[in-house]
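Peer 1: Have a look at this prediction, sequence included:
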Amino acid sequence: MNEQSKEERVHHVFETIYGRYDSMNSIISFQRHKAWRRDVMKRMNVKTNGRALDVCCGTGDWSIALAEAMAEGEVIGLDFSENMLKVAKEKTNNLKLNNISYVHGNAMELPFADDSFDYVTIGFGLRNVPDYMKVLKEMYRVVKPGGIVVCLETSQPTIPVYRQLYYFYFRFIMPLFGKIFAKSYNEYAWLHESAKDFPDKNILKKMFLEVGFSKVNVKSYTGGVSAMHMGIK
Ligand SMILES: C[S@@+](CC[C@H](N)C(=O)[O-])C[C@H]1O[C@@H](n2cnc3c(N)ncnc32)[C@H](O)[C@@H]1O
């Protein structure tokens, strides 16, 4: 798939599934995604007056967690799906959080100056972009020297039988859940396609180092179903 068709397909997927995205996330990850994010937040140990950018923010869960932890700071969530952003804005308004704003934009060309943020995060977004390195370089560009970039993403389990079960689940069961609960078989089949081709944690770590991050820290969750990479500029 070339860059343009991947981008168009991904855009169509999220413009379609936005209404059931949050509930489906809990169903397909058996609620684990909340614990993964909580652990990452603990490791980030953000300062309350920091400035953060959440790339591919989707329906805003990570942006909201950052804004709650940085009460005197500022958070910007960026996404290219208007519908996902609409859900994020509704949730933010309901929580009466006034330190978040949302930007409609592309992760491949972040509309921010160099060295602008203390923290730049991307949650389950990197595998969806056409060029992983380009987005990591953009994240590196906009984070301040000494700032932190964090990626939480699906990964490749290493234990053989568990790995086969995981692939079976992703390939056959998850799209079925998508069909039953969200009336979207093809859109949930995309999750399998994007996850199976995504680099494993060691390759992603090398990519972080190649971009220029130092002290790259990797943490696997739930037997390697997902992984966090954290690097410092
Ligand atoms: C799986 S969702 C993750 C949402 C959120 N970060 C979370 O953890 O729940 C992926 C998001 O990435 C967005 N996305 C994919 N490619 C993008 C791109 N090139 N630029 C901006 N957003 C993009 C999609 O619109 C979608 O909202």
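Peer 2: Okay, I see it. Just so it is clear, the structure is predicted and the values come from calculations on it, not from any experiment.
Peer 1: So whatever residue of the chain ends up closest to the ligand: helix, strand or coil?
Peer 2: Closest to the ligand within the chain is G58: 2.4 Å, counting by C-beta to the nearest ligand atom. For the C-beta atoms, the positions are set from N, CA and C on the backbone; glycine is no exception. Look at G58: counting by DSSP: H, G, I helix; E, B strand; the rest coil, its state is coil.
Peer 1: Quick check, pLDDT for the residue lying closest to it once chain neighbours are set aside.
Peer 2: Nearest non-adjacent residue to G58, counting by C-beta to C-beta, 6 or more residues apart in numbering: M84, 4.7 Å away. The score at M84 is 97. That number is its pLDDT.
Peer 1: Point out where the chain drops to low pLDDT.
Peer 2: Counting by pLDDT under 70, the chain has low-confidence residues at 28-30, 182.
Peer 1: Tell me the helices and strands packed up against the helix or strand encompassing N202.
Peer 2: When elements are assigned from DSSP states H and E, N202 belongs to helix 201-211. Packed against helix 201-211 by the contact rule (3 or more C-beta pairs under 8 Å, 6 or more residues apart in numbering; DSSP states H and E) you find helix 132-142, strand 143-154, strand 214-221, strand 226-232.
Peer 1: now do 6 Å
Peer 2: helix 132-142, strand 214-221, strand 226-232 (3 or more C-beta pairs under 6 Å, 6 or more residues apart in numbering; DSSP states H and E).
Peer 1: Now do the longest one: everything it contacts.
Peer 2: For helix 132-142, the external contacting residues (C-beta atoms under 6 Å, 6 or more residues apart in numbering) are 107-108, 110, 112, 114, 116-117, 120, 126, 129, 149, 211-212, 233.
Peer 1: Walking through the chain, point out its helices one by one.
Peer 2: Remark: helices assigned in the chain by DSSP state H are 3-17, 21-28, 32-44, 61-69, 82-94, 132-142, 160-168, 174-182, 185-196, 201-211.
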